[in-house]
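**Student:** Have a look; sequence and predicted model below, questions after that.
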Amino acid sequence: MLATTVMSVAIAVLGQATPAPPERQTPPDEIVVTARPTSDTEEANRFVREVAPRLDYDTPMARFAEPVCVAAGGLPTRLLRSIADRMTRLAVGAGLDVAADGCIPNVLVIFAPDPARQIQPMLNRRPALFHGLDHAVIGRWKKTDGPALAWSIAATVGRDGVPLAPGADGVPTQQVSFPTRLYQPVRRDIGLAVVMIDRRSVAGRTTTQLADYAAMRAFTDARPGGGGRSILSLFDADPSPDTATPFDLAYLRAYYRMSPAQRNGAQRQALTRALTTPGKR
């Protein structure tokens, strides 16, 4: 399958990867949020507009359906282990399944000098890492000078998770027993998420900051931003948050509680509501 192929070649790109440990049944330091970040609906709506992936109104946001397996490369092993562990705890706290020990990584955090300059060599050696991505988008990445790049490879499947069957003309089709205008007949499952951070931008940042930033970008396909309200502003805001904020934690948890097959517009509304609603353990 595509996901297996992509993850396999990703290991070669990482080289000495550091996978996260297997999930504990009851993580002692599970990261959760129990208070709403804001009671201001407009502030919540603005946050969602700033960080949610830009998609057509009908296109569902992509997320992980399979257990996540985090690996990181490009820094000393001790730091990589801390980053992978922290990202795994965030995943557990948000309700994601976590793969057992020895898993094939499907979340890659790569620390490298000048991420934009790494794109073409990676594209030449491991094109599967960019499978299905718009060539124009990849071209823009090569010209950026930002401290981080992130992308995910997602497969469109039926809303029950069944792969789409090819139609008579070769176009994938999906039969729906109970069509509805509230939900799409399909959802988008992430097979691989990659976060590439400029090694030169690590100075002065803690492993917690780096892990939380990478988790938000990898698990929710989020865009950098959010101002001081989000760890996604790690490389933009001064001062930047020390850790994932209540906005981030509520957003991450809501992202994996909303329906994966809702239209994008409905998903954004669900995320906005979650930011103004007190959380529960």
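**Tutor:** Happy to help now that I have it.
**Student:** could you pull out the helices for the stretch 1-150 of the chain?
**Tutor:** For the stretch 1-150 of the chain, the helices defined by DSSP state H, counting those that start in this stretch cover 2-14, 41-51, 77-94, 115-125, 135-143.
**Student:** Single out the most deeply packed of those.
**Tutor:** Mean neighbour count (mean count of other CB atoms under 10 Å) peaks for helix 77-94 among the helices of the stretch 1-150 of the chain, with a mean of 22. For the C-beta atoms, the positions are set from N, CA and C on the backbone; glycine is no exception.
**Student:** out of the helices of the stretch 1-150 of the chain, which comes closest to G226?
**Tutor:** Closest approach to G226 among these is made by helix 41-51 (5.1 Å; CB to CB).
**Student:** roughly how far out does the closest one sit from the chain middle?
**Tutor:** 18 Å (CA atoms, centre = their mean, to the nearest Å).
**Student:** same thing with stretch 194-203?
**Tutor:** Centroid separation for stretch 194-203 versus its chain: 16 Å, with CA atoms, centre = their mean.
**Student:** Ends of that stretch, what's the gap?
**Tutor:** Length of stretch 194-203, first residue to last, CA to CA, to the nearest Å: 21 Å.
**Student:** List the buried residues of that stretch.
**Tutor:** Buried residues in stretch 194-203, defined by neighbour count with 16 or more other CB atoms under 10 Å: V194, V195, M196, I197, D198, R199, S201, V202.
**Student:** On the strand side of things, show who the third one bridges to.
**Tutor:** With DSSP bridges as the criterion, the beta-bridge partners of M196 are I110, L149.
**Student:** before we move on, back to that, for the helices of the stretch 1-150 of the chain, which one sits closest to A250?
**Tutor:** Per CB to CB, nearest to A250 of these: helix 41-51, 9.0 Å.
**Student:** Dump that closest one to PDB, keeping only the CA atoms.
**Tutor:** Extracted in PDB, the C-alpha atoms of helix 41-51 (Å, rounded to 0.1, in the frame of the first residue of the first chain):
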ATOM      1  CA  THR A  41     -16.400  33.200  19.900                       C
ATOM      2  CA  GLU A  42     -14.800  35.700  17.500                       C
ATOM      3  CA  GLU A  43     -11.400  35.100  19.100                       C
ATOM      4  CA  ALA A  44     -11.900  31.300  18.700                       C
ATOM      5  CA  ASN A  45     -13.000  31.700  15.100                       C
ATOM      6  CA  ARG A  46     -10.000  33.900  14.400                       C
ATOM      7  CA  PHE A  47      -7.600  31.300  15.800                       C
ATOM      8  CA  VAL A  48      -9.200  28.600  13.700                       C
ATOM      9  CA  ARG A  49      -8.900  30.800  10.600                       C
ATOM     10  CA  GLU A  50      -5.200  31.400  11.200                       C
ATOM     11  CA  VAL A  51      -4.000  27.900  11.900                       C
END
